[in-house]
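1. turn this into a model:
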Amino acid sequence: MARIFVTGSTEGVGRNAAQALRDAGHEVILHARNAARAERFGQLARGARVLTGDLGLLSDTRGLAQALNAIGPVDAILHNAGIIDEPRAETPDGLLRVLMVNAIAPYVLSLQADRPRRLIFTGSSMHRGHAGVLEDMDWRRRAWSASAAYGESKLLVAALSAGLARHLPRTLCHTVDPGWVPTRMGGAAASDPLELAHVTQCWLATAEETELGDNGGYWLHMRRQTPDPKVTDPAFQDAVIARFAEVTGVALPGD
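-> Sure thing, here's the model as predicted:
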């Protein structure tokens, strides 16, 4: 039995992942943005630990890592929480909110949690085709595009995952594209089945290591995919990690 922390588990893919993992006999630690949203868990929370914290806030994200460490080591973190902001929004820390929730918070949690054995990040097909991302990471100079900012955040988190796989070779790091699924964020017109969106990440979190192949994979529906070339570029990976360390004050072990 594994102990697994699932962020953004009040609804959608995160909730389905948490339910599937519990049904399989694993210990699941649930996460909600606040106490009001935690009430949505209902029966899912029975006998489970529930952590609350806003991943749009650096202080709450650090607090979540501390609360997780107080429980004890976890075998895996499923970074499910994600947003898309129609108008541009900043956090109280002055960071682009969609970037904070989708990429920077997973960075902080991954490094400040007591070394989870596996880190599973959430990608998107929208990560492809973005140029010059690090030149205006916070979208201060460009005309705002909600979809492009979301896609860039997914490019950055995929590169983060691949970079951590290089720098933390004892930690299994993979990115999963859940597909375009009909969640609150994906919308009713989404074409991929919601019931399949969590399957790959749950498998990556619990399968025998020998089944997973090389570290640092990018996955869609149980198959490895070839991501945007920037994701597999070590220089880009290291530039992303350096920028995240700069804005959070959280460095890689040994830096």
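2. got a list of what the closest residue to Ala2 other than its chain neighbours touches?
-> The shortest distance from Ala2 to any non-neighbouring residue, by C-beta to C-beta, 6 or more residues apart in numbering, is to Asp75 (4.0 Å). For the C-beta atoms, the positions are set from N, CA and C on the backbone; glycine is no exception. Residues in contact with Asp75 (C-beta atoms under 8 Å, 6 or more residues apart in numbering) are Ala2, Arg3, Ile4, Pro116, Arg117, Arg118, Ala205.
3. if I look at Asp75, how far off is Val101?
-> In this view, Asp75 and Val101 are 24 Å apart by C-beta to C-beta, to the nearest Å.
4. please apply the same query to Leu172.
-> Counting by C-beta to C-beta, the gap from Leu172 to Val101 is 23 Å.
5. which of these two has more residues huddled nearby?
-> Neighbours per residue, other C-beta atoms under 10 Å: of Leu172 and Val101, the larger number sits with Val101, 26 against 22.
6. how about the contacts made by that one?
-> By C-beta under 8 Å, 6+ apart, Val101 lies in contact with Leu55, Gly56, Ala81, Gly82, Ile83.
7. redo those residues as a markdown table? Include neighbour count, pLDDT and distance to Gly8.
-> Shown next, in a markdown table, are those (neighbours: other C-beta atoms under 10 Å; pLDDT from 0 to 100; distance: C-beta to C-beta, whole Å):
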| residue | neighbour count | pLDDT | distance to Gly8 |
| --- | --- | --- | --- |
| Leu55 | 26 | 98 | 8 |
| Gly56 | 23 | 98 | 12 |
| Ala81 | 24 | 96 | 3 |
| Gly82 | 27 | 95 | 7 |
| Ile83 | 16 | 96 | 9 |
